[in-house]
Every structure is written in structure tokens, then in C-alpha cells.
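> Structure, please.
(one chain, ligands or ions: 2)
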Amino acid sequence: MAESDEAAKFSGMSSQDPNIGDTHRPTIRQLDDSAINRIAAGEVVERPASAVKELVENAIDAGAQRITIEIAEGGKTPIRVTDDGCGMTPEDLPLALSRHATSKIDGSDLLNIHTFGFRGEALPSLGAVGRLTITSRAAGHEAAQIRVSGGKMDPVRPAGLRAGTIVELSDLFYATPARLKFMRTDRAESQAINDVVKRLAMAEPSVGFTLRDVSGGGEGRVTFRADPLTGDLFDALHGRLAAVLGREFAENALRIDATRDGIRLFGYAALPTYSRGAAVAQFLFVNSRPVKDKMLTGALRGAYFDFLSRDRHPAAALFVDCDPTLVDVNVHPAKSEVRFRDPGLARGLIVSALRHALAEAGHRASTTVAGATLGGYAPRSGHCQWRASRLSDGSCVFGGQNGLLCRAAPGFCARAATTRHRRVCRAAGRVQWAGD
Ligand SMILES: Nc1ncnc2c1ncn2[C@@H]1O[C@H](COP(=O)(O)OP(=O)(O)OP(=O)(O)O)[C@@H](O)[C@H]1O
Ligand SMILES: [Mg+2]
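Ligands and ions are numbered 1, 2, ... in the order given. Next up, the predicted model:
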């Protein structure tokens, strides 16, 4: 092999690489700002849903009570997020678009973060890969607008807006066309946006969300709507989960509230009978931030281990709240993972709190079989929750393993979690089945 080829192989580059100089040694170059921003943006803005996530998080951080998200063509163009939050002054606008400029931390303590954002990277990243227009008005100031396109900022100019902020992102990835090729279908991208908005809506029941698809022009079609909810934490959360996950989840969910060593776990976990065929209904939040965390989902699975067969997956929306210093949120570019200082503590709390709630529910069910109320999970009066047939006496039975959940009161209807559970329970003589 020729010496230059050998060197190229060693450095992992082809001999065609422009960076191989006459000396056969790669030259180190300082990249320009535009390339730096596009590279950094690649980590933050993976797809349209990541852009929506960043913009909605900014609106929540700005104290918005109502947030409207409009998308077209799966978010490729445009994405518009309108909020009624604190807004920005005309002087703020160029700063908001500068890398590492943020109003949320002063840099002295990276472990004491109370907001979704803290890096000062999202807006400059979006401005580096698309065309971004921000129109905003802070109380006591005039409204103003700024545009940035492929990282190039125009001067701030006056605008008309009563309050809050409108951020419009069009031609996402026009400055990085290679990324466009990785986009999925409009339908798949819209679905991902829907998921992002729903997760944030679960985290903030007091904020109203409207997601509209304006692909066909005009007013468009509302694809998700959740009105702002007030009142007690659990009532508001329960109402929001009903709006996001559906009434069936809310009606089959057990309230969870447990605290140990400064960590609080609260939320709703569904009865085993409401389990799913895949892990599609598991929503976990750490200090209100939606996270995808293997340790937490592992704990959830572990908690249901005795109550579900292996092919079923629990449904739950659980919130872990703790002192921000006990958890590091600065470990993932999209801030969707966290690291606990003591992971065993969070895991142990989840497993024990859920097991306790599930066992308690089973106990209540088996001691009040004929009662009109079956613990917290009886279907509401006059409401046939499942389409299973009823027993001749008007009651209906449903079941899980270990004697959990047996019979709904006359007039109500319920259903088995899986055929396998049905068989197990029937063999053990624990339950009667509709149709038996
Ligand atoms: N909708 C909004 N309303 C009011 N201020 C906003 C809004 N969006 C952004 N800002 C301001 O612009 C700043 C920069 O926003 P950007 O999203 O780039 O960074 P960040 O939210 O501070 O951190 P991160 O990069 O982690 O999201 C914010 O710190 C905030 O002061
Ligand atoms: Mg932000």
C-alpha cells in the first residue's frame, strides 16, 4: 500500500480528502461560525418535533397561560408557536438569537435549574438551520420583530403585537439539506410533534395548549386541545391526563403519592387490566421535564412485575420531584435524559409506591366485590367502560393475576387484561367470566 493510502487509512480518511496536505498530515482548521452553529444545531434540532419542543418549552418558561402551535407538512414548513408569556424587549431579540445567551441561569450553578431551558442554544440553533422570525412584546415596551436566516440576522424592526411572543420557523433544514433527506413522512413527523406537545401538556396542566395543522391553509384543523386547568394538583393532573390519554386511562388510574428522603413521586398509574401490548403509554417526568429514562421505565416495569404477564406493559404518568441539585439535567443534547445523584433512591420509591398502590387496589376490589364502588377504579355510574358482555345478574367481572380485580357492580361492565390472565384466573377459580 502506498504511504499516503496507509496514512489515510490510519486517520480514517480517504486519500481524496481535501484535508490531506502535501505533507500527508491533516491540517487543523478553525471552523467558521456558520459551520459551528450548524454542527451544534444538529444535536439540538434533530427533526421538526425537536424544534416544536424547544419553542413550546420557551413559551412555558416565559410563564405563558395559553400556547398555540401551528404546523404544516409535518412541521417542515412552517412551525408557528404563539404564547401569552412575558415577551421580550426589542433589545432582547438579538441576544435571544446569540449562542449561549440565556435569561434562565447566570452560569454560577449548573445543578440548580428550575426551567426547561438553560443553555441559550435553542433559538440560535433553529436560526442556523431554518428561517426564523420572532415577534415579541414585553410589558411597558413596544413590540418588535427580528429575522434570522441560515444564521444571518437582520436588524430589529418595529412590529404590531399586543403581548407575548410569536416564533415562526419556516424552511426547516434549508441550510442543512442533508437533514431533510432523513425526514420521515409528513404523517410520521406530525405524529412526533403531537407526542411532544402532549408530553409537555401533561407536565403543565395549568397551561392551555392548542395544536393546529394548517397544511391545507386557512384556519386549519385542531389536532389536539387541552384547556388550562386550575385547582388541586391531583384534580388538575387527572383532568389533563383524561384530555391527553383519554377517559379510559383516567378512569382506570390509581392515584400515586409517596415521598422518601426528599424525593416525591406522584401521578397516576393504570390498573393492570388497562395494560397495553407495547410500552406506548408510559410517561415519566423529572421536576416537570418529560424524560426518557431507562432506569425509571425499568422501575415501572419492576413494580408491575407480579401483576402483569410479560407481554403486557403498564400505563402510567408519573412525576418525580426533588431538589434540582439531586439530579443533573445537563447530560443530553435534547435535555431528554437526566442523571440522579442516587438512582437507587428514585427506583426504590417507584417500585415500592406502585406495588403498594396495586396491592391496595386488589385488596379493595376483593373485599367490595358486590359494592357499588370498587375502590378508585369503578366505572362511573351508567357508564359501560368496556364492550364486554355482562353476566346474567347484571354484574360484570374482570381480572388480573393474584386475585387482583374481580367483579364490577351490577350495571357496570369491565374486561380482562389479556386472554392469558383470563385463563389463569379462571383456572384458579378466582373469577367468573362474562360469557361463562
Ligand atoms: N417565547 C418566549 N418568550 C419570552 N422569552 C423568550 C421566549 N423564547 C425565548 N426567550 C428568551 O430567549 C432566550 C434564549 O432562548 P433559547 O431557547 O435559545 O435559550 P434557553 O431557553 O435560555 O436555553 P435552551 O437552549 O436550553 O433552550 C431565553 O433565555 C429567553 O430569555
Ligand atoms: Mg429554550
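
> Which of the three states applies to the residue in the stretch 51-200 of the chain positioned nearest to ligand 1?
Residue of the stretch 51-200 of the chain nearest ligand 1, by Cβ to the nearest ligand atom: Gly117 (2.3 Å). All C-beta spots, glycine's among them, are computed from the backbone N, C-alpha and C. The three-state label given to Gly117 by DSSP: H, G, I helix; E, B strand; the rest coil is coil.

> That one reaches Ile105, doesn't it?
No. Counting by Cβ atoms under 8 Å, Ile105 is not a contact partner of Gly117; they are 9.0 Å apart.

> got the buried residues for stretch 346-361?
Residues of stretch 346-361 classed as buried by neighbour count (16 or more other Cβ atoms under 10 Å): 346-351, 353-355, 357-358, 361.

> neighbour-wise, which of Gly117 and Ile105 wins?
Here Gly117 and Ile105 are compared on neighbour count by other Cβ atoms under 10 Å; more neighbours surround Gly117, at 20 against 16.

> From Gly208, how far out is the more buried one?
Using Cβ to Cβ, to the nearest Å, Gly117 is found at 20 Å from Gly208.

> check contacts around Glu219.
Glu219 is in contact with Arg212, counting by Cβ atoms under 8 Å, 6 or more residues apart in numbering.

> Which helix or strand contains it?
Element membership of Glu219 [criterion: DSSP states H and E] is none; it lies in no helix or strand.

> now swap in Leu300 and tell me
Taking DSSP H and E as the criterion, Leu300 maps to helix 294-304.

> And that helix, what does it pack against?
Here helix 294-304 touches strand 282-286, strand 316-321, helix 343-367, going by 3 or more Cβ pairs under 8 Å, 6 or more residues apart in numbering; DSSP states H and E.

> Same list, these, but as CSV with distance to Glu189 please.
Shown next, in CSV, are the helices and strands packed on helix 294-304 (distance: least, Cβ to Cβ, whole Å):
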stretch, distance to Glu189
strand 282-286, 21
strand 316-321, 24
helix 343-367, 32
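
> Now the weakest link among the ones you listed, please, by mean pLDDT.
Ranked by mean pLDDT, these bottom out at helix 343-367, which scores a mean of 84.

> what's the angle from that helix to strand 316-321?
Taking axes from the mean of the first three to the mean of the last three Cα atoms, to 10 degrees, one finds helix 343-367 and strand 316-321 inclined to each other by 140 degrees.

> re earlier: which one of the helices and strands packed on helix 294-304 lies nearest to ligand 1?
Among these, strand 282-286 comes nearest to ligand 1, with 15.6 Å by Cβ to the nearest ligand atom.

> after that closest one comes which helix or strand?
Next helix or strand after strand 282-286 toward the C-terminus (DSSP H and E): strand 289-291.

> Would you map the helices across the stretch 101-250 of the chain?
Applying DSSP state H, counting those that start in this stretch to the stretch 101-250 of the chain gives helices spanning 122-129, 177-180, 186-203, 233-245, 247-251.

> for the first one, what is the average pLDDT?
Confidence for helix 122-129, expressed as mean pLDDT, is 91.

> Does that helix reach ligand 2?
Yes. Judged by Cβ under 5 Å from the ion, helix 122-129 and ligand 2 are in contact via Ala122.

> in that helix, what's buried?
Neighbour-count burial for helix 122-129 [16+ other Cβ under 10 Å]: 122-129.

> Show me which residues of the stretch 101-250 of the chain are close to ligand 1?
Taking Cβ under 6 Å from any ligand atom as the contact definition, the stretch 101-250 of the chain meets ligand 1 at 102-104, 117-123, 165.

> List only buried entries from those.
For those, buried by 16+ other Cβ under 10 Å: 102-103, 117-123, 165.

> Now for whatever residue of the stretch 1-150 of the chain ends up closest to ligand 2: which residues touch it?
Ranked by Cβ to the ion, the top residue of the stretch 1-150 of the chain for proximity to ligand 2 is Gly117, at 2.9 Å. Counting by Cβ under 8 Å, 6+ apart, Gly117 touches 54, 57-58, 61, 102, 104.

> cutoff 6 Å now
When contacts are counted by Cβ atoms under 6 Å, 6 or more residues apart in numbering, Gly117 touches 57, 61, 104.

> Excluding covalently adjacent residues, which one is nearest to the second one?
Which is Asp61. Of all residues not flanking Asp61 in the chain, Thr115 sits nearest, at 4.6 Å (Cβ to Cβ, 6 or more residues apart in numbering).

> what pLDDT does the one you found get?
92.

> From Asp92, how far out is it?
Distance from Thr115 to Asp92, by Cβ to Cβ: 16 Å.

> Over to Gly216?
35 Å.

> Tell me which of the two has more neighbours.
More crowded of Gly216 and Asp92, by other Cβ under 10 Å: Asp92, with 19 against 9.

> who's in contact with Arg276?
Arg276 makes contact with 313, 315 under the criterion Cβ under 6 Å, 6+ apart.

> Can you name the residues bridging to it?
Counting by DSSP bridges, Arg276 forms beta bridges with His313.

> was I right about the residue nearest to Asp61 contacting Ser103?
No. Counting by Cβ atoms under 6 Å, Thr115 does not reach Ser103; the two are 9.1 Å apart.

> the strands in the stretch 51-200 of the chain, which residues?
Taking DSSP state E, counting those that start in this stretch as the criterion, the stretch 51-200 of the chain carries its strands at 66-71, 79-83, 131-137, 144-149, 152-153, 157-158, 164-170.

> What lies in contact with the first one?
It stands for strand 66-71. With Cβ under 6 Å, 6+ apart, strand 66-71 has contacts from 56, 59, 79-84, 193, 197, 208-214.

> State the mean pLDDT of it.
98.

> Tell me the gap between that strand and the middle of its chain.
Offset of strand 66-71 from its chain centre (Cα atoms, centre = their mean, to the nearest Å): 16 Å.

> Show me what it pairs with in its sheet, parallel or antiparallel.
The pairing partners recorded for strand 66-71 under DSSP bridges are strand 79-83 (antiparallel), strand 208-213 (parallel).

> Let me know which of these is tucked in deepest.
Of all these, strand 79-83 has the most neighbours on average by mean count of other Cβ atoms under 10 Å, namely a mean of 23.

> contact partners of that one?
Applying Cβ under 6 Å, 6+ apart, the contact partners of strand 79-83 are 51-52, 55, 59, 64, 67-71, 164-169.

> That strand near ligand 1 anywhere?
Yes. Residues of strand 79-83 contacting ligand 1 under Cβ under 6 Å from any ligand atom: Asp83.

> Check whether that strand comes near ligand 2.
No. Residues of strand 79-83 are not located near ligand 2 by Cβ under 5 Å from the ion, the shortest gap being 11.4 Å.

> okay, the angle between that strand and strand 131-137?
Going by the same axes, to 10 degrees, strand 79-83 makes 10 degrees with strand 131-137.
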